[in-house]
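# Structure for this input, please:
(chains A and B)
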Amino acid sequence: MQDTDRPKAGHGAAIDRRDFLKAATLAGTGAVVPQAPARQHSTQLASREGEQGTPPPVTATQTTCGSDFMVDVMRHLGIEYVAAIPGNTFKGLHESVINYGMTAAPRLELISCMHEEMSVAIAHGYAKVSGKPMACMMHSTVGLQHASMAFYNAYADRAPVFGIVGAILDAKDRHGYVDWQHAVFDGPALVRDFTKWDDTPLSLPHFAESATRAYKFAMTPPWGPTVLAVDQELQENELNPQIPLVIPKLPQTAPPTGEPGAVREAARLLVAAERPLIIADRAARTPEGLRLLIELAEALQAPVVDAGARMNFPWRHPLNQTQRRTELAAAADVILGLELTDYWGAIGGRLAPGVKRISITSIDLFMKSNYQDFERFTPVDLAIAADAEATLPGLVEEVRRQTSTQRRAFFKTRGARLAQDHLESLAQSRSAAAVGWDSQPITTARLCAELYEQIRNEDWALCNGTVFQSYWPQRLWSADHHYQYIGDAGAYGLGYLPGASVGAALAHRQHGRLPVAIGGDGDLMFSPGALWTAAHHKIPLLYIVHNNRAYHQEIMFVQSMAVKRQRGIDRAHIGNAITEPNVDFAKLAASLGIYSEGPVTDPAQLGAALKRAVARVKHGEPALLDVICQGR
Amino acid sequence: MRHTIITAALLFSLAPPIMADTPTGNPVEGQRLFMTYGCYQCHGTTGAGGVAGPKLAPDPLPLEGIRAKLRTPSGRMPVYTPKVISDAEIADIVAYLHSIPPGLPARDIPLLNH
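Residues are numbered from 1 along each chain as shown, chains lettered A, B, ... in the order given. Predicted structure coming up:
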């Protein structure tokens, strides 16, 4: 600790942390620790009693502060936004962001939030589009507790978030009972099971080092969130001119690549395979990952199943065989899994005898124990512990090198067959989408087809995962760019999408894209305040409420229990339905300052309503459309 | 053995036809049950299906096929015993599924041809 950063309390008998550590070290060697005179203790007790009822001391004006330096550190790291709802344990940093960060270049802008869970979700969505972290400031204890689930989502989704939680470490600075209730000795412990790294820096030089380290760890694959607990004294005290403040250089981080021999073996298996299958989940961390996966698939003329946590492969590429996942996995003789968290689930249950399984994932290099998001263990023949995207160039090169002219001709035939299969899958999807086309409630297929009609000639970007829309966008739309799809929450924690879509839309704004999100009514009820953030910051986003007025999956679960116990199945909606009253999302959004329409119940009216909402978003504002839909 | 097979075939041919395409249930009551019992949660209100459950209509399975799916299902579909859904109620639900008209083919819907 730099004790000059943190002035001593001024009492003659006070022992600061450095002195305490010295004394403790001496005690460890058997030296005698000098005791404070008894007289001074009694004086202190009398003094404390005299403090009762007195207000906190008025601080003098100051010309420098630690939190301005913290802003400089964040700027140096390339952070452009800080999401926060206020909390007095980071009031120093809050003031620095708005009066220093936002008024001098490079600008560090504060994004006003309504809940810490939304702050982190906004950072989560932003990171998946921009490819870099946003900072989040959170109040000590209760703020981080609110944020904790969003951290778990970001962790499970391998998204970098730069978290800062306030702290009042020194008891003398706690001015009332709330300060004590909001004080914790080791705040980040709350989220330590699902963050990559945390620290509690005790000086400004320590902060600079830890912030740089946190950023580096967050951005080293597998990406993930980090947290720094920052004491309020460190933020608020004057800088000590005697202490030079240096911001460490941020290294250019090279992601871990596969061992060349293992990559060569993977290529050998793939080239020799008759029925290879590539399954990718978070393989494309960046646009380059998507490009490289196209190269690999085309070099092999092998089918690709996009498991959907990122935009790994163009949706209309002839080798995209996502709709045929089960049959292809069952028939495959070699399966290559790229950044699969759930290898078991991705391949289904039935496999051909003798199938060879290859895994390339950076998750093998970093995993924690308590939370079980590492999924079921799946035996593989070759596990390459490395970042898939970084390993793809070597794998592509090896595949090309090992492919003979004869094999290339075979691949060409295979590719032609797969292209035909892709067209047949598309035709089947269209036929399936036509079923119930005019139904009320509106089918999710109709909703997605109507939405695509309105945006397909725009530079659109979908900000939600699509499992609750039966994957209709992937089945009906055409998407080629990495930014056009960012997957889902990661840990299926509800309340993700409102914040994440606003964060993603913020990242899209500077590119002039048209961000759209389709989210459930239940999910939106967790965190509607994110819509206010979109309105406040004029973030263009079309938010479509896929309003099925219930937690339908859970109805099915409860119903299965009722069936098992033979007690009737007509009450399973209790506790699961979101009716009586129906939520009026259009009014809710309007109250938060957002253009809105709904509920739309007639499929014939949906296209026109979407067109009006899209026009608003293209004009630079958020819009919400409430559509009454089928369950999935 | 051969004699037995022929006899069985004759008996089958003389028996009244199984209600394959002409369910005797009440489609209006079947629609009410389809909603009350939550079939629509996974299969959609008009049986269009989705990621949670397969398509049921138009062109549904015959009564016996649907009864078998309810009584001895596979996957995550729960078992529906006669105590929970009676045979008569199944007949009503199947009648409702049969009453759902086929929609336009995809090729005739411009939005599905981009």
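# Pull up the residues of the stretch 401-550 of chain A that are close to chain B.
Remark: the part of the stretch 401-550 of chain A in contact with chain B comprises A:427, A:430-441, A:443-445, A:449-450, A:452-453, A:456, A:467, A:470-471, A:476, A:478, A:550, using Cβ under 8 Å from any Cβ of the partner chain. C-betas here are computed from N, CA, C, even on glycine.
# give me that answer again for 10 Å
Contact residues (Cβ under 10 Å from any Cβ of the partner chain) of the stretch 401-550 of chain A with chain B: A:426-441, A:443-446, A:448-453, A:456, A:466-472, A:476-478, A:548, A:550.
# Show me the shaky parts of the chain.
In the absence of a named chain, chain A is used. Scanning chain A for pLDDT under 70 picks out A:1-59.
# Please refer instead to chain B.
Judged by pLDDT under 70, chain B has its weakly predicted residues at B:1-23.
# ok, then the element right after the longest helix along chain A?
Ranked by residue count and defined by DSSP state H, the top helix of chain A is helix A:405-434. Following helix A:405-434 in sequence order, the next helix or strand is helix A:444-455 (DSSP states H and E).
# Return the distance of A:Q553 relative to A:L541.
26 Å (Cβ to Cβ, to the nearest Å).
# And those two? Which one has more around it.
A:L541 (28 against 16; other Cβ atoms under 10 Å in any protein chain shown).
# For the more buried one, give me its contacts.
Listed by Cβ atoms under 10 Å, 6 or more residues apart in numbering or on different chains, the contact set of A:L541 reads A:461, A:463, A:498, A:501-502, A:504-506, A:508-509, A:514-517, A:530-531, A:534-535, A:594, A:617, A:621-624.
# Name all residues that make contact with the nearest residue to it once chain neighbours are set aside.
Of all residues not flanking A:L541 in the chain, A:A505 sits nearest, at 3.9 Å (Cβ to Cβ, 6 or more residues apart in numbering or on different chains). A:A505 makes contact with A:122, A:125-126, A:129, A:461, A:463, A:513-517, A:534, A:537, A:539-543, A:617, A:622 under the criterion Cβ under 10 Å, 6+ apart.
# and what of A:A123?
Contacts for A:A123 (Cβ under 10 Å, 6+ apart) come out as A:81-83, A:111, A:113, A:133-136, A:147, A:150-151, A:154, A:159-163, A:225, A:499-500, A:503, A:506.
# The same query, at a cut-off of 8 Å, please.
A:81, A:83, A:133-136, A:154, A:161-162, A:503 (Cβ atoms under 8 Å, 6 or more residues apart in numbering or on different chains).
# ditto for A:L497
Counting by Cβ under 8 Å, 6+ apart, A:L497 touches A:121, A:463-464, A:489, A:517, A:519-520, A:523-524.
# Now do it against A:F468, distance only.
Separation of A:L497 from A:F468 (Cβ to Cβ) stands at 10 Å.
# For those two, list the residues in contact with both.
Residues within reach of A:L497 and of A:F468 at once, by Cβ under 8 Å, 6+ apart, are A:G520.
# Next, count neighbours for A:G349.
Neighbourhood size, A:G349 [other Cβ under 10 Å]: 9.
# PyMOL command for the buried members of the contacts of A:A505?
Selecting only the buried entries of the contacts of A:A505 in PyMOL, with 16 or more other Cβ atoms under 10 Å in any protein chain shown as the criterion:
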select buried, chain A and resi 122+125+126+129+461+463+513+514+515+516+517+534+537+539+540+541+542+543+617+622
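# quick one: which of the contacts of A:A505 sit in strands?
A:461, A:514-517, A:541-543, A:622 (DSSP state E).
# now these in CSV, with distance to A:E274?
Shown next, in CSV, are the ones in strands among the contacts of A:A505 (distance: Cβ to Cβ, whole Å):
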residue, distance to A:E274
A:A461, 38
A:L514, 43
A:P515, 42
A:V516, 41
A:A517, 41
A:L541, 46
A:L542, 45
A:Y543, 46
A:P622, 51
